[in-house]
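In: here's my sequence, what's the structure:
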Amino acid sequence: MKRIALTGLALAAILAAGGAGYWAGQRGIAVAGLRTWFGIEGSLAANEPVGTGPVIYYQDPDRKPVYSAGPRQTEDGRPFTAVHASQDISFEEKPPSEERTAQADAKRVLYYRNPMGLPDTSPVPKKDSMGMDYLPVYEGEANEAGIVKLSPGRIQRSGVRSEPVRRKAIDRSIRVPGSVQLDERRVSVIAMRADAFVQEVAPVTTGDRVAKGTRLVRIYSPEISTAGAQFITELNAAARGVPEGGARQRLENLGLPPEVIAEIERSRKVPLTINWSAPRDGIVLERTVSDGMKIVAGNSLFRLADISTIWVLADVPERELAAVRIGAPAAVQLRGRPGSSFEGRVSVIYPQIAEATRTAKVRIEIANREGVLLPNMYADVEIGSGDAAPELAVPDSAVIDSGTRRVVILDRGEGRFEPREVKLGRRGDGMVAITEGVSEGDRVVISANFLIDAESNLKAALSGFAQPEAKP
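Out: Okay, here's the model as predicted:
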């Protein structure tokens, strides 16, 4: 109020000193000087039209880009200016009148369109029912259907950013649980193929490590002894020129170790008891034999496993199987040994889905030279994408996924944006592959794209309220 009073007193003083005629001749200079002197630019705009209709919003009295939905005051107590429906309610930054005139001269105006996107046009400038100016459509812009246009100021305020579409190998890692299992090809079962009696069992127990050729058990078998005696008879007959029969093959069929057969052939004697040895290096998984017991043909005596190479079976969800490839690298961490890590590669994807868990087994082979990996250990597995080929990709934030449609916003330059429906490929590493809809080098909006999409949808919805009219 003091400011207004001072302004009025200054005006009165000027009128009194110079007279009405002088005031009338110098009105523009005096008003401009007062505005500059008192810092009230825009508050004494006598030639501005008075607003009509309801108040739409309130603006800072110094025309700063500060707005309010209701009455408000500045820090120094001045009220915000009410903006009515008949006044300009656009938040867009408009160039100076000289620049607008130059733009209009450079491009010929074809017609004026409704500012709210309704299919209403006019050959001359006009306002709509809310007092908003119809927007000019210049030559060359009439056929840009579906294009959303934003002013530089609005783009800056919204934080719109764009990046080019480029080819990139998408690295997608899948983290799943798994368990350590034996390599089925490295498990051996020691069983008898004839009835026998256990003479002595070596001091080997479950969990012991044994080397190939280590004696495990000494047995006596009447059937093996009979076959051995027949073998010696045939060997003696062969020395006189009689061809050998099938005694050697019978000993091999009974599972007699090759070194035992060679010893019988050399010494021409059948041993009373026979030593059974380990067929491979490994650990004893199972021992079912004791001194003095009778063994029936087919009974298992020992079960051995070579754990120098081990399997890790990972449970991959059904929806992730498409991202797993044979030969893909995998990292395994044991839950029982935090910090430990083992590297391997996917060797087999099992061809069935577990009905209860909807997962598939994926086999990873790992070298276990130190024997740290033990059967049935729990593990956390991270499977990489392998040598994926480069493909068109954009950041995840560039895609607007409504569930029924996937859209990216193309940046056409000069504040023009075009929504484009696309088809997606694999995801990973913060990127998503685009299989259809864009080309390499196209720029896509990666920030504030949902605002542009919302404006595009609003424009399309409003255009459906009425049938398009013929353009002037």
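In: helices of the stretch 301-450 of the chain, start to end?
Out: 449-462 (DSSP state H, counting those that start in this stretch).
In: quick check: end-to-end length of stretch 383-391?
Out: Using CA to CA, to the nearest Å, the end-to-end distance of stretch 383-391 comes to 20 Å.
In: how many residues are close by the residue nearest to residue 255 when sequence neighbours are not counted?
Out: With sequence-adjacent residues excluded and distances taken as CB to CB, 6 or more residues apart in numbering, residue 255 is closest to residue 193, at 4.6 Å. All C-beta spots, glycine's among them, are computed from the backbone N, C-alpha and C. For residue 193, the count of nearby residues is 15 (other CB atoms under 10 Å).
In: got it, and the one 3 residues further on?
Out: Neighbourhood size, residue 196 [other CB under 10 Å]: 25.
In: now do it, the pLDDT please.
Out: In this model, residue 196 is scored at 94, pLDDT.
In: could you say which helix or strand holds the residue nearest to residue 255?
Out: According to DSSP states H and E, residue 193 maps onto no helix or strand at all.
In: quick one, phi psi at it?
Out: Dihedral pair for residue 193: phi -100, psi 10, per degrees, to the nearest 10.
In: surely residue 272 meets residue 220?
Out: Yes. In this structure residue 272 lies within contact range of residue 220 using CB atoms under 8 Å: 6.6 Å.
In: with neighbour numbers in mind, choose between those two.
Out: residue 220 (14 against 8).
In: roughly how far does the nearest residue to residue 247 once chain neighbours are set aside sit from residue 267?
Out: Of all residues not flanking residue 247 in the chain, residue 231 sits nearest, at 3.8 Å (CB to CB, 6+ apart). Using CB to CB, to the nearest Å, residue 231 is found at 12 Å from residue 267.
In: name the residues linked to the closest residue to residue 304 other than its chain neighbours by a beta bridge.
Out: Among residues not flanking residue 304 along the chain, residue 282 sits closest, at 4.3 Å (CB to CB, 6+ apart). Residues in a beta bridge with residue 282, per DSSP bridges, are residue 210.
In: where in the protein is pLDDT low?
Out: 1-53, 85-107, 116-119, 139-146, 386-388, 453, 455-472 (pLDDT under 70).
In: now do the phi/psi pair for residue 201.
Out: According to degrees, to the nearest 10, residue 201 has phi -110, psi 130.
In: so what's it up against?
Out: 216, 217, 218, 287, 289, 290, 291 (CB atoms under 8 Å, 6 or more residues apart in numbering).
In: where does the last one land in three-state SS?
Out: In this case it means residue 291. Three-state call for residue 291 (DSSP: H, G, I helix; E, B strand; the rest coil): coil.
In: doesn't residue 203 make contact with it?
Out: No. When contacts are counted by CB under 8 Å, residue 291 is not listed as touching residue 203 (11.1 Å).
In: the residue nearest to residue 359 when sequence neighbours are not counted pairs with what?
Out: Nearest non-adjacent residue to residue 359, counting by CB to CB, 6+ apart: residue 315, 4.2 Å away. Taking DSSP bridges as the rule, residue 315 bridges to residue 361.
In: for residue 358, see how far away residue 315 is.
Out: 10 Å.
In: of those two, who's got more company?
Out: residue 315 (16 against 11).
In: show me the contacts for the more buried one.
Out: So residue 315 contacts 176, 177, 178, 354, 357, 359, 360, 361, 362 (CB under 8 Å, 6+ apart).
In: ok, and the most crowded of those?
Out: residue 362 leads these on contacts (other CB under 10 Å) with 26 neighbours.
In: look up how far residue 428 lies from the spatially closest residue to that residue that is not a sequence neighbour.
Out: Distance criterion CB to CB, 6+ apart; nearest residue to residue 362, sequence neighbours excluded, is residue 314 at 4.6 Å. Distance of residue 314 to residue 428, given as CB to CB: 17 Å.
In: these two - which one has more neighbours?
Out: Taking other CB under 10 Å, residue 314 and residue 428 do not tie; residue 314 has more neighbours (25 against 19).
In: my guess is that one meets residue 178, correct?
Out: Yes. Using CB under 8 Å, residue 314 is in contact with residue 178, at 3.8 Å.
In: turn the contacts of residue 201 into a markdown table, including distance to residue 329.
Out: Converted to a markdown table, those look like this (distance: CB to CB, whole Å):
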| residue | distance to residue 329 |
| --- | --- |
| 216 | 39 |
| 217 | 44 |
| 218 | 48 |
| 287 | 38 |
| 289 | 43 |
| 290 | 47 |
| 291 | 50 |
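In: just to revisit the earlier point, could you point out which element follows the helix or strand harbouring the residue nearest to residue 247?
Out: Element membership for residue 231 (DSSP H and E) is helix 222-239. Downstream of helix 222-239, the first helix or strand assigned by DSSP H and E is helix 247-253.
In: give the other helices and strands that that following helix contacts.
Out: When contacts are defined as 3 or more CB pairs under 8 Å, 6 or more residues apart in numbering; DSSP states H and E, helix 247-253 packs onto helix 222-239, helix 258-267.
In: which one of those lies nearest to residue 440?
Out: Proximity to residue 440 (CB to CB) singles out helix 258-267 among those, at 65.4 Å.
In: in the closest one, what counts as buried?
Out: 260, 264 (16 or more other CB atoms under 10 Å).
In: just checking: what are the partner strands of the helix or strand following that helix?
Out: Using DSSP H and E, the helix or strand that follows helix 258-267 in sequence is strand 274-277. Paired strands of strand 274-277, with direction, are strand 215-220 (antiparallel) (DSSP bridges).
In: any idea how far the strand it pairs with is from the chain center?
Out: Strand 215-220 sits 59 Å away from the centroid of its parent chain (CA atoms, centre = their mean, to the nearest Å).
In: contact partners of that strand?
Out: Contacts for strand 215-220 (CB under 8 Å, 6+ apart): 190, 192, 196-202, 204, 210, 272-278, 289, 295, 301-302.
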